[in-house]
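Asker: Show me how the following folds:
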Amino acid sequence: MSDTSGLRRLRLQMVGLIAVLLVGGLVYLAGTGRLSLGPSRSTKTAAALTASSPPVDQLRAAAAGANLVICVIDAARADHVGCYGYARSTTPNIDGLAERGLLFEQHFCQYPDTKPSTASLFTGQYPDTHLTFGTRKMAEGAFTMARGLAAAGLATAFFSSNSWASAAMGVAEDFDAAYVYGDKRSRRRGSSEGEPSAGPRVHIIGSDPQSLLDAFCEWLDTKGSSRFFAYLHFMPPHYPYLAPEDMTRRFADRPPGFSRGPFPFPRVSQEGGPPLHRDPGPELVNLYDANLLYADWVVGQVEAALSGAEVLDKTLFIVTADHGEAFGEHGYTWHTICPYDEALHIPLVVLFPGLQPPSGRVAALTQTIDLLPTIFDVFAIPWPGESVQGRSLLPVLAGQRAGVNEYLFARSSGRPACSVVRDSRHTLLLYEGGELRALYDLHADPGQTRNIVEDDPERAAALAEAFRTFARAQTAPPLNFVDPDAPRPTVPERPRTTMTDEMRDHLKSLGYLQ
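Answerer: As a prediction, the model looks like this:
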């Protein structure tokens, strides 16, 4: 009996040892990127895919083996887009896509600034977690959209005519190739004389939309039947508003709904915007609308290129923006410093593959960081649940849920900077230092003109508590926006971009540098 008992104990120990080795091996593989999740600094588990159901299966079947194209039109505010209710015909091509596809009515960016907003799109993380600001690059080993899709077999390419979103700025590291406006001396990250290079193959293009479009079409011609992911970032309608003259002539009357308003608090400064935006008037809005039409023309050309290559009905085609633009509605001009809807509310139009794609308007609250998990869920590709903070919208698209976000969170620059939390009816602005606050009832006051923080302290407190919970979950917890006694968060060190003179001059022309 003792011999039998000993043998049983030995077998149990062996089984336990094998289990430990198997789990340890899986953890190691996840950390080294040899599993389908791709490398991740802290993630060892995949988020659960949306459960199978007839509507879910139908959407996945339509997208099975499909390509992905994301068009970002820089600084496009939703309320100047035709299908979002604008009275001018600024976006006929996007409007046509919206009629055939899905339009997300309440879609918001995480930061009204190109670089951190693009980083949020690629990582599915809030800015206070990915911490990709200014010259800071993305964290080494971070899971990104390009990395996960490349691991699933898609060829990836990044196209951008904005130097603030470029390979040199450290937001395109995981793409196979990057076509960007910039200095010909740009190298892949980590490369130097005599050392192997890292990052995408960099190709230099012009800053105008046609140059980017030509580069995309040439690249598309090389894909054949290969599955691909292309990210296209066009400058219009971003300042300095350089639309063709024939488009500019179309908008000469007074813009519909144009209004100016005061700063929310006398202590709030808008320092940091480009000088030409200090006093925006109707003429500047007309130029903006002309450039939005320019961006819409490019989107139409991309659609035509996909159709000509006979891959449009095999492509998940997404049109959105990185942020909006302010014209003094609340005293703010330009975008990086504005915490109001003119800078945060952006368009999102999605055209599914297939000859009969789902269509309609989606009323749920959605945000930029939701795109990554939604795309991966639709493609049935696992993504790291511990690092991606966005939520898949597939249950909403399948009619299983009315929404997945009870609250949305965003932040802006400025002196002081501002963080924003919103629910389906209210938005609360929390300025750095924890003292200045503004609460707006979006149903009664969609223009956000009446601060009711003193009239509805319970609602303000509930939103502030939601923000406090959110803040504690970030890499650099921004509790100093809600608690006056909270210190500024400690931000870990990160490799930085060394800007060339050409890059600096280009960013100055766009208003990002003084």
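Asker: and for the strand or helix carrying residue 118, what are the contacting residues?
Answerer: Using DSSP states H and E, residue 118 sits in helix 114-123. With CB atoms under 8 Å, 6 or more residues apart in numbering as the contact definition, helix 114-123 has outside contacts at 70, 72, 74, 109-111, 125-127, 130, 132-134, 138, 142-146, 162, 164-165, 169, 171, 174, 233, 322-323, 368-369, 371-372, 387-388, 512. Quick note: C-beta positions are derived from backbone N, CA and C, even for glycine.
Asker: Pull out the buried members of the residues you listed.
Answerer: With burial judged by 16 or more other CB atoms under 10 Å, the buried subset of the contacts of helix 114-123 is 70, 72, 74, 109-111, 125-127, 130, 132-133, 138, 142-146, 162, 164-165, 169, 171, 174, 233, 322-323, 368-369, 371-372, 387-388, 512.
Asker: which residue ranges form the helices in the stretch 351-500 of the chain?
Answerer: In the stretch 351-500 of the chain, the segments counted as helices under DSSP state H, counting those that start in this stretch are 371-378, 394-397, 457-472.
Asker: can you give me the strands in the stretch 401-514 of the chain?
Answerer: With DSSP state E, counting those that start in this stretch as the criterion, the stretch 401-514 of the chain has strands at 408-412, 418-422, 426-431, 437-441.
Asker: Neighbouring strands - and their directions - for the third one?
Answerer: Its sheet considered, strand 426-431 pairs with strand 418-422 (antiparallel), strand 437-441 (antiparallel) by DSSP bridges.
Asker: Pull the distance from it to the chain's centre.
Answerer: On the basis of CA atoms, centre = their mean, to the nearest Å, strand 426-431 sits 21 Å off its chain's mean C-alpha point.
Asker: same check, this time on the second one
Answerer: Centroid separation between strand 418-422 and its chain, computed with CA atoms, centre = their mean, is 17 Å.
Asker: Quick check: buried residues in it?
Answerer: 418, 419, 420, 421, 422.
Asker: TSV please, covering the strands of the stretch 401-514 of the chain and showing mean pLDDT and distance to residue 401.
Answerer: Output for these, formatted as TSV (pLDDT from 0 to 100; distance: least, CB to CB, whole Å):
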stretch	mean pLDDT	distance to residue 401
strand 408-412	96	16
strand 418-422	97	19
strand 426-431	98	21
strand 437-441	98	25
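Asker: Save the ones you listed as CSV, and put in distance to residue 250 too.
Answerer: CSV is the format used below for these (distance: least, CB to CB, whole Å):
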stretch, distance to residue 250
strand 408-412, 31
strand 418-422, 34
strand 426-431, 33
strand 437-441, 33
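Asker: closest one to residue 309 among the ones you listed?
Answerer: When these are compared by CB to CB, strand 408-412 sits nearest residue 309, at 36.2 Å.
Asker: what angle do the closest one and strand 418-422 make?
Answerer: 160 degrees (axes from the mean of the first three to the mean of the last three CA atoms, to 10 degrees).
Asker: packing partners for the helix or strand containing residue 204?
Answerer: Applying DSSP H and E as the criterion places residue 204 in strand 201-205. Using 3 or more CB pairs under 8 Å, 6 or more residues apart in numbering; DSSP states H and E, the elements in contact with strand 201-205 are strand 177-181, helix 209-221.
Asker: Pull up the pairing partners for the shortest one, direction included.
Answerer: The reference is to strand 177-181. When pairing is defined by DSSP bridges, strand 177-181 lines up against strand 155-160 (parallel), strand 201-205 (parallel).
Asker: highest average neighbour count across those?
Answerer: Highest mean neighbour count of those: strand 155-160, a mean of 25 (counted as mean count of other CB atoms under 10 Å).
Asker: So what's the residue count around the closest residue to residue 60 other than its chain neighbours?
Answerer: With sequence-adjacent residues excluded and distances taken as CB to CB, 6 or more residues apart in numbering, residue 60 is closest to residue 380, at 5.5 Å. Using other CB atoms under 10 Å, residue 380 has 17 other residues around it.
Asker: try residue 200
Answerer: So residue 200, with other CB under 10 Å, has 22 neighbours.
Asker: now swap in residue 468 and tell me
Answerer: 18.
Asker: and the most centrally placed residue in the chain, how far is that from residue 379?
Answerer: Centrality entry for the chain: nearest residue to the mean C-alpha point is residue 121, 3.0 Å, by CA atoms, centre = their mean. To residue 379, residue 121 is 16 Å away according to CB to CB, to the nearest Å.
Asker: Span of stretch 331-342 from start to end?
Answerer: 12 Å (CA to CA, to the nearest Å).
Asker: And it, what's buried?
Answerer: Of the residues in stretch 331-342, those buried (16+ other CB under 10 Å) are 331, 332, 333, 334, 335, 336, 337, 338, 339, 340, 341, 342.
Asker: what is the mean pLDDT for it?
Answerer: Averaged across stretch 331-342, the pLDDT comes to 88.
Asker: cool, and stretch 176-193?
Answerer: The average pLDDT within stretch 176-193 is 59.
Asker: Of all the strands paired with strand 426-431, which one is nearest residue 302?
Answerer: strand 418-422 (31.3 Å).
Asker: residues making contact with the closest one?
Answerer: Outside strand 418-422, the residues that touch it by CB under 8 Å, 6+ apart are 108, 339, 344, 365, 407-412, 427-432, 442, 463-464, 466-467, 470, 478, 481-482.
Asker: and which of the buried residues of strand 418-422 is nearest to residue 93?
Answerer: Nearest to residue 93 among these, with distances taken as CB to CB, is residue 422, at 29.6 Å.
Asker: any idea how far residue 345 is from that closest one?
Answerer: To residue 345, residue 422 is 10 Å away according to CB to CB.
Asker: Please enumerate the shared neighbours of these two.
Answerer: Both residue 422 and residue 345 are in contact with residue 108, where contact means CB under 8 Å, 6+ apart.
Asker: Check which helix or strand residue 88 maps to.
Answerer: Judged by DSSP H and E, residue 88 forms part of no helix or strand.
Asker: Count residues in the vicinity of it, would you?
Answerer: Neighbourhood size, residue 88 [other CB under 10 Å]: 18.
Asker: mind listing what it touches?
Answerer: Residue 88 is in contact with 80, 82, 251, 255, 256, 289, counting by CB under 8 Å, 6+ apart.
Asker: follow-up on the earlier one: mind checking which of the strands paired with strand 426-431 is nearest residue 216?
Answerer: strand 418-422 (33.9 Å).
Asker: angle of the closest one against helix 457-472?
Answerer: Counting by the same axes, to 10 degrees, strand 418-422 lies at 110 degrees to helix 457-472.
Asker: Now do residue 173, the pLDDT please.
Answerer: Predicted confidence (pLDDT) for residue 173: 83.
Asker: scratch that, residue 14
Answerer: For residue 14, the predicted pLDDT is 34.
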